[in-house]
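*Asks:* whatever this is, show me its structure:
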Amino acid sequence: WMKSFIETIKEKIINNIQVNKIEIIDNTHRHRHHKSFNKSKIHLKIIIESDFLKSLNRLESHKKITDLLKSEIQTKIHSLEIKIN
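*Replies:* Here you go, the predicted model:
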């Protein structure tokens, strides 16, 4: 189910933000030993190449992504790292 969840996130971003390239990496395995680790939640790194997001300041561009993924962050995403190129 992880693959489809990542695909869903990818589609959601692509359908709402002008993106040249997007890569989503599941980093959950890196956090297994953390005290707050919850196996029902995942750690994601999103690397986005987007002229639109680059035209915004860092806070605004990250907010666009987090607002878009609000429900996923509340339910399935424990940690979200965003890199905009």
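
*Asks:* in this protein, which residue is most central in space?
*Replies:* Nearest residue to the geometric centre of the chain (Cα atoms, centre = their mean): Ile46, 4.6 Å.

*Asks:* ends of stretch 46-59, what's the gap?
*Replies:* With Cα to Cα, to the nearest Å applied, stretch 46-59 spans 15 Å between its terminal residues.

*Asks:* and the average pLDDT for that stretch is what?
*Replies:* Stretch 46-59 carries an average pLDDT of 97.

*Asks:* do stretch 78-85 as well
*Replies:* Mean predicted lDDT for stretch 78-85 stands at 94.

*Asks:* buried residues, it. List them.
*Replies:* Buried positions in stretch 78-85, judged by neighbour count with 16 or more other Cβ atoms under 10 Å: His78, Ser79, Leu80, Ile82, Ile84. All C-beta spots, glycine's among them, are computed from the backbone N, C-alpha and C.

*Asks:* other residues contacting the helix or strand in which the residue nearest to the centre of the chain is found?
*Replies:* Per DSSP states H and E, Ile46 falls inside strand 42-49. If you take Cβ atoms under 8 Å, 6 or more residues apart in numbering as the criterion, strand 42-49 is touched by 2, 5-6, 9, 13, 17, 19-28, 30-31, 65, 76-85.
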